[in-house]
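# Output the structure for:
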Amino acid sequence: MAPLRILLIEDDTKLRAGLRTGLERAGFHVAELVSGVGAESLVQDQRIDVVVTDLLMPAREGIETIIALRRRNPTLPIVAITGSPFESMARKLGANRTLAKPFALEQLVTAIHEARSEAPPGSTPVARGVA
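A predicted model of the protein is given here:
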């Protein structure tokens with residue numbers, strides 16, 4: 001079985017590098033962006049299994065990115081990571097899982113696997129969220 005491909009969208013350079021390293025050590029392939037700009041084309045052009053996105057970023061925020069990705073691919077698993085109070089909004093707009101910063105790498109790995117295994121957002125009345 002091929003490793004899962006993660007698109008990691010995070011504007012904080014150190015956090016993004018740390019998450020990438022941790023996710024790669026956990027066996028994932030990781031593509032990365034510093035904002036949501038270009039996320040839809042990257043998802044369209046490459047096989048991406050799960051998107052992990054920050055919510056508050058310059059250029060294009062995570063909420064806008066989630067909405068755009070959800071329009072083009074309603075079943076794409078999305079995990080929102082944030083240090084902001086917008087977790088519930090992210091879930092309502094299509095994130096399968098949310099994590100509040102700071103979080104442990106193990107929590108992110110769990111959220112990625114849970115997002116992959118559940119029904120697409122909006123298809124069932126199941127509660128979502130890790131944080």
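# which strands and helices sit next to the helix or strand of the chain with the lowest mean pLDDT?
Least confident helix or strand of the chain, by mean pLDDT, DSSP states H and E, is helix 87-92 with a mean of 86. Judged by 3 or more CB pairs under 8 Å, 6 or more residues apart in numbering; DSSP states H and E, helix 87-92 is in contact with helix 62-72, strand 78-82, strand 97-100. Quick note: C-beta positions are derived from backbone N, CA and C, even for glycine.
# can we see that at 6 Å?
strand 97-100 (3 or more CB pairs under 6 Å, 6 or more residues apart in numbering; DSSP states H and E).
# Can you show me the CA trace of the strand it packs on as CSV?
C-alpha atoms of strand 97-100 as CSV (Å, rounded to 0.1, in the frame of the first residue of the first chain):
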residue,chain,number,x,y,z
ARG,A,97,-11.4,17.2,12.0
THR,A,98,-9.9,20.1,13.9
LEU,A,99,-7.0,20.4,16.3
ALA,A,100,-6.2,23.3,18.5
